[in-house]
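Asks: here you go, sequence then predicted model.
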Amino acid sequence: MSNFILDNALVLTMDDQFTMISGGAVAVRAGQIAAVGSSAVVVEQFPLWTRYDLQGRVLMPGLVNCHTHLPMSLFRGLADDKELMDWLNNYIFPAEAATLNEDFVRTGTTLSLWEMLRGGTTTVVDMYMFEKVVAQECARVGMRGVFGQAMIDFPTPEYATWQESLDGTREFIKSWSGHPLIIGAVGPHAPYTVSPEHLQECHRLAEELDCPLVIHLSETRGEVELIRERHGRTPVDHLNHLGVLSKRLLAAHVVWPEEIEIGQLATHGVGVGHCPQSNAKLACGIAPVVKMLQAGIHVGLGTDGCASNNDLDLWQEMQTANLLQKLSCNSATVMTARDTLHMATLGGARAAHLEHLVGSLEVGKRADMIVVRCDSPHQIPLFDPISQLCYTTKSSDVTQVYIEGQLVMSDGNVPAIDEAELRLAVAAEAERVQAILRRK
């Protein structure tokens, strides 16, 4: 499928003008968008190219998941209904220490990719241990993303010392340089688990390798107070003081920034990955997304990992993000369906600093696209496609997914993933987790 046309679609470009073309088409040449417009105009440009009739379905950019931990799908439901620090320190960190290895990470990543591709996600920003395995599996299946090698001050199942972690991260990022889908990143876990000196080392490494930097930031009130006690500043201001804020940084959560910190994030061009369902489930709070958007911050949507959400469904995140902002601001108009859909596409691409590649259907960008049906029982009648996509669409309504011009999912089938084999691997890992936890 090197050169082809997706024809007879309701093309939702998600460009800055929110261009929508009824009876539209998109032409793809070698993984890149070659033309966007009415079917008649596009077909006239490329009359000999193979055409695929989308029968009036929506053709739009793939969704961008700005924050997750792909292997943690194997911890789904393991420790629900806990406070964040209790959840981390008494359940997740011990479970990771006892179970993590390359096979676990590979199986969990594949499970997450299966779920995400069936739901229309085409770009992911991930942070975890054994990230080289995560990247390998994403490259094999065909997922695009930014992959942050997790770095933390205490020993992990992957690295015993900080220096080993630093060296391993450098090697990981260099090994993927120039890959069409995979971008390596530096991933310090959080200001409360990484010392000021090590945060600065991470920033220098990202500058040296000209790569992204990803971090959890200002997720809970407890974190804010802890960083204030330790360093005399709140978390965002702490990173600002250390010189870590920059246009290469993507900060996850950012639930409790102060007014001055919102200004700092905007001034330095930091992207934010907003995770409304995870933040709600762990009772972290409701991030001031409207204020951040008004300040000019690029905010995208993230699911967080399956241990704290418990799924990777960005359509649900859209609905939750929208409704929580209306509720917290006491205004039904403060966030529109258009605002929310933007966060899941071009806004997310900008937050992840990937807008030159993805996020909208525009000539020259990569052909990362999804086809969405709008005739399911929960979608009819159809008055406003944008409203319908934000408020009623489900993952099961996505019928095809293209990444880099390749068809990676069609009618629920992901050809690169052997479903039966994956189910057996997931069951084996789940039994191993249960057996280890029973012995503790």
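Replies: Thanks, I have the structure now. A quick note: this is a predicted structure, and the numbers were derived from the prediction, not measured.
Asks: lowest average confidence, helix or strand, in the protein?
Replies: Here the helix or strand of the chain ranked lowest by mean pLDDT, DSSP states H and E is helix 84-87, holding a mean of 82.
Asks: chain center to it: distance?
Replies: 22 Å (C-alpha atoms, centre = their mean, to the nearest Å).
Asks: who touches it?
Replies: Residues from elsewhere that reach helix 84-87 (C-beta atoms under 8 Å, 6 or more residues apart in numbering): Ala79, Glu219, Thr220, Gly222, Leu282, Ala283, Cys284, Ser308. C-beta: built from backbone N, CA, C; applies to glycine.
Asks: just the buried ones from those residues?
Replies: Ala79, Glu219, Thr220, Leu282, Cys284, Ser308 (16 or more other C-beta atoms under 10 Å).
Asks: for the third one, give its distance to Gln379.
Replies: For Thr220, the distance to Gln379 (C-beta to C-beta, to the nearest Å) stands at 37 Å.
Asks: go on, the fourth one?
Replies: The gap separating Leu282 from Gln379 is 31 Å, by C-beta to C-beta.
Asks: cool, and the fifth one?
Replies: When C-beta to C-beta is applied, the distance between Cys284 and Gln379 equals 32 Å.
Asks: so which residues of the stretch 101-250 of the chain form strands?
Replies: Secondary structure of the stretch 101-250 of the chain (DSSP state E, counting those that start in this stretch): strands located at 121-128, 144-151, 182-188, 213-217, 249-253.
Asks: nearest residue to the one residue sitting closest to the centre of the chain in space, please, no chain neighbours.
Replies: Residue closest to the average C-alpha location in the chain (C-alpha atoms, centre = their mean): Asn65, at 1.9 Å. Distances taken as C-beta to C-beta, 6 or more residues apart in numbering place Val124 nearest to Asn65, at 4.6 Å, with adjacent residues excluded.
Asks: which residues touch that neighbour?
Replies: Val64, Asn65, Thr68, Leu70, Met116, Cys138, Met143, Arg144, Gly145, Val146.
Asks: nearest to Gly348, of those residues?
Replies: Ranked by distance to Gly348 (C-beta to C-beta), these are led by Val64 at 3.2 Å.
Asks: A helix includes the closest one, no?
Replies: No - Val64: not assigned to a helix; according to DSSP: H, G, I helix; E, B strand; the rest coil it is strand.
Asks: count of neighbours near it?
Replies: Using other C-beta atoms under 10 Å, Val64 has 32 neighbouring residues.
Asks: can you pull the contacts of it?
Replies: 121-125, 300-301, 344-345, 348-349, 351-352, 354, 358-359.
Asks: mind checking pLDDT for it?
Replies: For Val64, the pLDDT comes out at 98.
Asks: also the one 10 residues further on?
Replies: According to the predicted model, the pLDDT of Leu74 comes to 95.
Asks: thought Arg432 was touching it, still the case?
Replies: No - using C-beta atoms under 8 Å, Leu74 is not in contact with Arg432; the gap is 9.4 Å.
Asks: and the two? Which one has more around it.
Replies: Shown here are Leu74 and Arg432; by other C-beta under 10 Å, Leu74 has more neighbours (26 against 16).
Asks: now do the same end-to-end measure for stretch 247-256.
Replies: In stretch 247-256, first residue to last residue: 20 Å (C-alpha to C-alpha, to the nearest Å).
Asks: also stretch 211-231?
Replies: Span of stretch 211-231 from end to end, C-alpha to C-alpha: 27 Å.
Asks: buried set for that stretch?
Replies: 211-220, 223-224, 227.
Asks: let me know the closest of those to Phe18.
Replies: Pro212 (27.3 Å).
Asks: measure Ser38 to Lys281 for me?
Replies: Using C-beta to C-beta, which is the criterion applied here, Ser38 is 44 Å from Lys281.
Asks: contact partners for Gly148?
Replies: Shown in contact with Gly148 (C-beta under 8 Å, 6+ apart): Val125, Asp126, Met127, Tyr128, Glu131, Ala185, Val186, Gly187, Pro212, Leu213, Val214.
Asks: give me the number of residues near the closest residue to the fourth one other than its chain neighbours?
Replies: To tie it back to what came earlier, the one meant is Tyr128. Among residues not flanking Tyr128 along the chain, His69 sits closest, at 4.8 Å (C-beta to C-beta, 6+ apart). His69 has 26 neighbours, counted by other C-beta under 10 Å.
Asks: separation between His69 and Ile92?
Replies: Taking C-beta to C-beta, one finds His69 at 10 Å from Ile92.
Asks: got the domain boundaries for the chain?
Replies: Per automatic domain parsing, the structural domains of the chain span 3-61+366-410, 63-351.
Asks: show me what contacts the closest residue to Ser218 other than its chain neighbours?
Replies: Among residues not flanking Ser218 along the chain, Pro235 sits closest, at 4.3 Å (C-beta to C-beta, 6+ apart). Listed by C-beta under 8 Å, 6+ apart, the contact set of Pro235 reads Pro191, Leu217, Ser218, Glu223, Val224, Ile227, Trp256, Glu261.
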